[in-house]
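coordinates for the following, if possible.
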Amino acid sequence: KLQFLYLIGSFKRETKMLRAVAAAAALCAGASGAKPNVVFILTDDQDVTLDASTHMPKLDKYLKRGGATLTNQFVATPVCCPSRGSYHTGRHIHNIPMTDNTIAGNCSGPEWNAGAEKETSGVWMQGLGYRTAYFGKYLNDYGSAPAGGVAHVPPGWDHWYGLVGNSVYYNYTISNDGVAEHHGDDYEADYLTDVLTRQAVKFMKAGDGRPFFAIVGPPSCHGPHEPAPQYAHTLTEKPFAKAVRSPNYGNSWEDKHWVVRYQGAQWAAETENREKFTDWEHVRRLETLLSVDDMIEAFVETLTDLGELDNTFIFYSSDHGYHLGQFGMLKDKRMPYEEDIRVPGFVRGPGIPAGSVSSAVVVSIDMLPTFIDIGGGEVPGSMDGRSYLADLQRPSGAAAERSFLVEYHGETNAPGGVCRGPGQWAPGMACWVEGGELLAPGPFEGEPLCSCQDAKNNTYACMRTLSAAEDTMYCEFEEDGTFVEHYDLTVDAWQRKNTARELAPEAAARFRARLAELKACKGAGCVHTGGSLRAP
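Numbers count the residues shown, from 1 in each chain. Model (predicted):
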């Protein structure tokens, strides 16, 4: 079904793509050496709302003070594989199509390989004359047998160094240009973030006259949260060692979707142990990111030595954000709240003023169009995002003015262990046992916890709107009847009160109509700017 939906019109899209690439390449022929290089560091589970991006001094030095901070960067879906699919294609997940982290949901596999993968960032940038390379996490099911195994090298990459499966730090397999490369648990030889840093530096140094394009996907700060040994325990005594006690930490779940209310009840039943867990995981997450900080410095130093720093864009973001205790939810992403959909946004490069701040609204679907713009190509109409290169180079003139879609498809699993206890799990939910990680900086000292993070009917579509006149989130959850949430962030920045029932009928109708448009949008129709939805 997914393949059928995708292949409708695929021949026309591929023909247009090839024509656009050929035209742009011909226009730039003979001048490829003048094109900027592009490096995109895409972390895993890194929030910006809860300070996971605050305690990285090298990021601060080289990217924040050396480039631009984007204060309104978001993802179009807050879960691993679908979000990465949007980054790689410039499309919303309903246009890829992709639903979840499984082969059945088109997270890698035959349909992805035969369809959307043929129009991803490597294909486009290679067509524009770039030497291309990919390092690290790609899609959650990449390298599995149904996805073609390690021998499958996605098109568009001159060098492929892709992680098989989901984020880990030790004991993993890499597809090194289609050949399996197995790693163990020796820090010097195997710690994944450092291995990716060395491989990417090697690629940068092996120039052949073409500009280069590289995506680097480190595991940080995804579980199992294993810091490099030199960073383990280094933050446990810092003032920021506790999870952020935001105004919505451990409260305000009563008027939300039932998945949130259920988790809130679990929090209320064992608050002390759950608070301890969030503090423990918060520190582990920050310590894993210190190796990404080293990666940033290594890239900048290498580019400086090569004389390429001033001609290289370095982008930094995450596949989604994260929550730790907000609304009583122990941990994870997947929800439409700010903690999960806001992500770090940093970039340095030609024409970007050092130390600048941009309030332009940037969404994950905008990344590939921006890369194409940098490479001198024409962004095709099949992409749902837009280039924000001009906003970066004129940050003072970039205003927050946009409505965009956030969509998600709920998942379920059959939990075990403590999740089978009374009140710990409801049918249809996806739950895991937490607190069992053993490596540095040491095991969780509390009792194991049941962490229910999702449910089959946790499927929703939301419209996030930011403008001079409005800062709102409107969501419709698909279940028996439609459960609605609405937040006015101008007066409720932490989304503590669901005001859907307080909307005037006219305003509610406008929200519903605009969201319906976005749920069906394609191409330029997915970018809405201007026009308040508030009641006059």
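
CA only for contacts and neighbour counts going forward, please
Will do.

so where's the stretch 1-150 of the chain shaky on pLDDT?
Applying pLDDT under 70 to the stretch 1-150 of the chain flags the ranges 1-33.

let's see it at 90
Within the stretch 1-150 of the chain, the ranges that satisfy pLDDT under 90 run 1-34, 51.

could you pull out the strands in it for me?
Using DSSP state E, counting those that start in this stretch, the strands of the stretch 1-150 of the chain run over residues 37-43, 68-74, 131-136.

can you put those strands in TSV and add mean neighbour count?
As requested, these are exported to TSV (neighbours: other Cα atoms under 10 Å):
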stretch	mean neighbour count
strand 37-43	23
strand 68-74	23
strand 131-136	26
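
the residue lying closest to Q326 once chain neighbours are set aside and A430: what is the separation?
Spatially, and ignoring its direct neighbours in sequence, Q326 is nearest to Y249 (4.1 Å; Cα to Cα, 6 or more residues apart in numbering). Separation of Y249 from A430 (Cα to Cα, to the nearest Å): 22 Å.

so which of the strands of the stretch 1-150 of the chain gets nearest Y170?
strand 131-136 (12.7 Å; Cα to Cα).

and the next element down the chain from that closest one?
Using DSSP states H and E, the next helix or strand after strand 131-136 towards the C-terminus is strand 159-163.

and the residue nearest the centre of the chain, what's its pLDDT?
The centroid of the chain falls nearest to D319 when counting by Cα atoms, centre = their mean (1.1 Å). On pLDDT, D319 comes in at 98.

isn't it right up against T43?
Yes - counting by Cα atoms under 8 Å, T43 is a contact partner of D319 at 6.5 Å.

so the longest helix along the chain versus strand 37-43, what angle?
If you go by DSSP state H, the chain has its longest helix at helix 271-305. Going by axes from the mean of the first three to the mean of the last three Cα atoms, to 10 degrees, helix 271-305 is angled at 170 degrees with respect to strand 37-43.

check which helices and strands helix 271-305 is in contact with.
Contacts defined by 3 or more Cα pairs under 8 Å, 6 or more residues apart in numbering; DSSP states H and E place helix 271-305 against helix 57-59, helix 192-205.

name the residues of that helix that are buried.
271, 274-300, 302-303 (16 or more other Cα atoms under 10 Å).

what do you get for stretch 366-381?
In stretch 366-381, counting by 16+ other Cα under 10 Å, buried: 366-380.

roughly how far is stretch 469-489 from the heart of the chain?
Centre-to-centre, stretch 469-489 and its host chain are 22 Å apart (Cα atoms, centre = their mean, to the nearest Å).

remind me which residues of the stretch 401-536 of the chain are low pLDDT?
Low-confidence segments of the stretch 401-536 of the chain (pLDDT under 90): 401, 412-428, 432-433, 435-448, 456-457, 468-469, 479-482, 528-536.

all strands for it, in order.
402-408, 429-434, 449-455, 460-466, 471-479, 481-488.

contacts made by the fifth one with the rest, please.
Applying Cα atoms under 8 Å, 6 or more residues apart in numbering, the external contacts of strand 471-479 come out as 257, 336, 457-466, 482-490, 511.
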